[in-house]
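1. have a look; sequence and predicted model below, questions after that.
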2 protein chains.
Amino acid sequence: MRIIGIDPGSLRTGFGIIDMAAGGRLSHVAHGCLDVAGQPFLSRIAAIHSRLTGILQDFSPQGAAIESVFMARNADSALKLGQARGAALVALLEHGLPVEEYTALQIKKASVGAGHAGKEQVQEMVRRLLNLPERPQADAADALACAICHAHHTTTRQHWQERRMSTP
Amino acid sequence: MRIIGIDPGSLRTGFGIIDMAAGGRLSHVAHGCLDVAGQPFLSRIAAIHSRLTGILQDFSPQGAAIESVFMARNADSALKLGQARGAALVALLEHGLPVEEYTALQIKKASVGAGHAGKEQVQEMVRRLLNLPERPQADAADALACAICHAHHTTTRQHWQERRMSTP
């Protein structure tokens, strides 16, 4: 199963794509950061949507995960983040992808093992878990961590479904 | 020139479509409200984008106007509004429409003549300006007022461009 994780932002949107083999083993496919800073706001929204659509066409993931945002610093940054997130969501949903949301706590727990890890810890653990030669850029690392979190939750769900089915 | 105005919201997104004749005369084409309440949040975002895309295909506007939002009540509502607005913007931009943003003050001045008009005043003035049999629903009225505002600004811009060109 191929999973894309997204870390949306109005200046930089990270993406990370991993493959999960039948036994749950994860492998890195691609990651990167859509940097749309320095453009007018509407062009940024259009670019997030169109560039993400291109990535979905190139890599054909079967599942998508995105960080759920409950709180932003203030109403102004929330509005900007919200519009970027809306543009990214539309790209995922248009592509027919089931989208799962995870809290920052769930994402950090899945990659670092602790809910209150710093950016560098996430970058380093993502590097180790996916056997990368170097630490990915921060937004891309968050997106990969989000994809890893989705992989873990999918494995756990499958495990419980199998247990339930095998229990008389 | 056919103009669509949008009043985005995470529960209800108003739209209003008007035609502006060569002399600046406005006529009503369509209006309505995309009510996506009662669905999970991600389905709402998908529905705003897909239903608005359908409306753009049906009515083929040449220009689009949307209220610019600087402040929301709080960060949580700003995040929800932002995502709805992002989904609506993607639909407009995907359709290749030039999108103009106007402040609530500009929109109210264009329809009511005063910047601090209430919802009912906007509904009543939109009804009169477009010769409608009854007051449109509040979100649709705001969307029509936004389209009217764009029509006025387009006329003013054309006027000044013509003046500039005719001045030696």
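-> Perfect, I can see it now.

2. pull the contacting residues for the residue of chain A found nearest chain B.
-> Of the residues in chain A, the one nearest chain B is residue A:82, at a distance of 1.8 Å by Cβ to the nearest Cβ. (Glycine included, C-beta is placed from N, CA and C.) With contacts defined as Cβ atoms under 8 Å, 6 or more residues apart in numbering or on different chains, the neighbours of residue A:82 are A:72, B:78-86.

3. list the buried residues for the lengthiest helix in chain A?
-> Identified as the longest helix of chain A according to DSSP state H is helix A:138-166. For helix A:138-166, the neighbour count (16 or more other Cβ atoms under 10 Å in any protein chain shown) marks A:138-152, A:154 as buried.

4. do stretch A:17-30 as well
-> In terms of neighbour count (16+ other Cβ under 10 Å), stretch A:17-30 has its buried residues at A:17-20, A:26, A:28-29.

5. show me what the host helix or strand of residue A:5 is in contact with.
-> The secondary structure element spanning residue A:5 is strand A:2-7 (assigned by DSSP states H and E). Contacting residues not belonging to strand A:2-7 are listed as A:13-20, A:29, A:52, A:55-56, A:59-67, A:88, A:92, A:97, A:139-140, A:142-151, A:154 [Cβ under 8 Å, 6+ apart].

6. please repeat the previous calculation with a cut-off of 7 Å.
-> With Cβ atoms under 7 Å, 6 or more residues apart in numbering or on different chains as the contact definition, strand A:2-7 has outside contacts at A:13-20, A:29, A:59-67, A:88, A:139, A:142-147, A:150-151.

7. likewise stretch A:110-123?
-> For stretch A:110-123, the external contacting residues (Cβ under 7 Å, 6+ apart) are A:105, A:108-109, A:125-126, A:129, A:135-136, A:138, A:141-142, A:145, A:148-149, A:152.

8. ends of it, what's the gap?
-> End-to-end distance for stretch A:110-123: 13 Å, by Cα to Cα, to the nearest Å.

9. for PyMOL, what selects the buried ones among the contacts of residue A:82?
-> Buried subset of the contacts of residue A:82, written as a PyMOL selection, criterion 16+ other Cβ under 10 Å:
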select buried, (chain A and resi 72) or (chain B and resi 78+79+80+81+82+83+84+85+86)
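
10. what parts of chain A come near chain B?
-> Chain A comes close to chain B at residues A:42, A:45-46, A:49, A:69, A:71-72, A:74-75, A:78-87, A:89-90, A:93, A:99, as judged by Cβ under 7 Å from any Cβ of the partner chain.

11. coming back round to it: dump the contacts of residue A:82 into a markdown table; add pLDDT and secondary structure as well.
-> Supplementary listing: those in a markdown table, determined by pLDDT from 0 to 100; DSSP: H, G, I helix; E, B strand; the rest coil:
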| residue | pLDDT | secondary structure |
| --- | --- | --- |
| A:72 | 68 | coil |
| B:78 | 90 | helix |
| B:79 | 91 | helix |
| B:80 | 92 | helix |
| B:81 | 93 | helix |
| B:82 | 94 | helix |
| B:83 | 95 | helix |
| B:84 | 96 | helix |
| B:85 | 96 | helix |
| B:86 | 97 | helix |
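
12. check the contacts of residue A:82 and tell me the two furthest apart.
-> Farthest apart among these by Cβ to Cβ are A:72 and B:84. That separation is 15.4 Å.

13. where do the helices sit along chain A?
-> In chain order, chain A shows helices spanning A:41-59, A:75-94, A:104-111, A:119-129, A:138-166, with DSSP H as the criterion.

14. kindly report which one of those helices carries the lowest mean pLDDT.
-> Lowest mean pLDDT within the helices of chain A: helix A:138-166, a mean of 87.
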